[in-house]
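[1] Give me the fold of what follows.
(one chain, ligands or ions: 1)
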Amino acid sequence: MAKTTAPLSNSPEVGKPVLINPREQLFASMVWRQAGLSRRDLHERTGTHPTLTGHAVTNLIDIGLLREGAVPPTNARGRPQVPLEVDPDRRTFIGLAIAPGGVRGIRANALGRPRGEEVAVVSKTKQNPIASAAALLKRLLDPTVFAVGVSITGLALPREAKVLFSSALAATESVSVRPIYAAADETPVVLHNDMHALSLKWLMTNDNTDGDVLLVGVEDGRLGASLLLGGRPHGGVVGGANELGHTRLAVETAPCYCGQQGCLERIVSTEQLSRFGLRSSRSLDAVLANPKSDRRAAERVLNLLANGIANAVNFIRPQRLIVASPLVRHPIVSETLSNALPPLFLPGLRERVSVRLWEQSNVQSAENAAWLALAEVFGRPPATME
Ligand SMILES: [Zn+2]
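    Numbers count the residues shown, from 1 in each chain. Down below sits the predicted model:
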């Protein structure tokens, strides 16, 4: 398999690697959104010279990202246009998710569909998960891999190849992720926060993504957010993900790994249910599935969650709020959030913020991490290209 011939840099100093050039990314993203576009369509819609369009498409086909589809029979005069589509067969994208408890890895095709099962490596206590991630990456690599997406909970600084802090790390000091870059060798690595990965997946798999979006991911003991401005993830000071999980409310909780108490992600947890007088020894998920005698404790958690999210909405004033969680499949969650959230928005915002609950089965997933890499190829390129 030919390696990409485009400029390619995997030095962490540049923040993220350049996988294909901006023109190629523009075309790749257009074909991703609309399979069947021809070279002529790309030329006409972007004003790019036909020769340059042809070169870019040839390169995208040569490196295994696009392929030519079957030419439809046509009655029109002139040469039939060859439809282009994303090639789901030739290239692999690896997703690695570093989260509390372990590292998960998966191989996906260029459409983001998993190829084979997710591989999970459980971290032993105090073990550095970066070393486990590097070892798992070596197992998953092969010559078809085009790029690797690595997600981690907490605050990642790709430019410095560092993780500042993360619930996945035993220590509160920053940790280098260079072993992952070393394991990848020449294969490009895109490192980011797990919520950023989730927001890229949302952007690339939904049609209507305009406006400013606050995306909040919620799991048992884990909560984060990502901000999308004008259909693109917010670059932000340190990577565009909001540490909404460490917004604090005046509630007694277990100490958070950030060093504080009352953090929203400590509140939405099995542990906090116990503090609120759980009558049975069940997990948050089990209680929400069938609250029974624990309804009061469950509602208390959910109302605090609604408060935390509403504070962020009032602060940011997005047009859209998306709550992504496996927990929203439970009626008590969807009903409590749908009822509790709007009254907590500022009066002028109630009618303007659309709220959507997205049942997203695994916020800390390797599949989501693969979208970090996919977005560098098939995601919308910088606005200046359009
Ligand atoms: Zn915290």
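
[2] so who does S365 touch?
    With contact taken as CB atoms under 8 Å, 6 or more residues apart in numbering, S365 is in contact with 95, 97, 104, 106, 118. Quick note: C-beta positions are derived from backbone N, CA and C, even for glycine.

[3] And L169, by the same measure?
    128-129, 154, 163, 175.

[4] Next, give me the two most distant ones among those.
    Greatest spatial distance in the contacts of L169: N128 and G154, 14.3 Å, computed using CB to CB.

[5] of the two, who's got more company?
    G154 (24 against 16; other CB atoms under 10 Å).

[6] does that one really touch K162, like I thought?
    No. Counting by CB atoms under 8 Å, G154 does not reach K162; the two are 11.1 Å apart.

[7] any idea how far the residue lying closest to N314 once chain neighbours are set aside is from N109?
    Leaving aside its sequence neighbours, N314 sits nearest to L346 (CB to CB, 6 or more residues apart in numbering; 5.1 Å). Look at L346 and N109: by CB to CB, to the nearest Å, they are 44 Å apart.

[8] who's more crowded, these two?
    N109 (19 against 13).

[9] what does the stretch 251-386 of the chain have sitting close to the ion?
    Counting by CB under 5 Å from the ion, the residues of the stretch 251-386 of the chain lying close to the ion are 256, 258, 263.

[10] how about those residues in CSV, adding neighbour count and pLDDT?
    Converted to CSV, these look like this (neighbours: other CB atoms under 10 Å; pLDDT from 0 to 100):
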residue, neighbour count, pLDDT
C256, 19, 91
C258, 18, 82
C263, 27, 96
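
[11] now, among those residues, which is nearest to S334?
    Of all those, C263 has the smallest distance to S334: 23.8 Å, by CB to CB.

[12] quick one, phi psi at that closest one?
    phi -70, psi 140 (degrees, to the nearest 10).

[13] any idea how far it lies from A340?
    Counting by CB to CB - C263 and A340 are separated by 20 Å.

[14] what about the chain, any weak spots by pLDDT?
    Scanning the chain for pLDDT under 70 picks out the ranges 1-18, 74-78, 125-127, 170-172, 231-241, 361-363, 381-386.

[15] care to break the chain down by domain?
    As recorded under automatic domain parsing, the domains making up the chain are 12-72+82-89, 92-198+366-374, 207-359.

[16] and R380, which of those domains is closest to it?
    domain 12-72+82-89 (5.5 Å).

[17] what distance separates that closest one from the centre of its chain?
    Computed by CA atoms, centre = their mean, to the nearest Å, the chain-centroid distance of domain 12-72+82-89 equals 23 Å.

[18] measure the residue nearest to N314 to V268 for me?
    23 Å.

[19] L191 too?
    26 Å.

[20] Next: M204.
    From M204 to V268 the distance is 27 Å (CB to CB).

[21] With neighbour numbers in mind, choose between these two.
    Under the criterion of other CB under 10 Å, the comparison of M204 against V268 puts V268 first, with 24 against 19.

[22] Can you report how many residues neighbour the closest residue to the ion within the stretch 1-150 of the chain?
    Per CB to the ion, P100 is where the stretch 1-150 of the chain lies closest to the ion, at 12.8 Å. Applying other CB under 10 Å, we find 17 residues neighbouring P100.

[23] likewise S281?
    Neighbours of S281 using other CB under 10 Å come to 9.

[24] Would you verify that it is located in a helix?
    No. Under the criterion used here (DSSP: H, G, I helix; E, B strand; the rest coil), S281 is coil, not part of a helix.

[25] looking at it, G221 is touching R266, isn't it?
    Yes. At 7.1 Å, G221 and R266 qualify as touching, with contact defined as CB under 8 Å.
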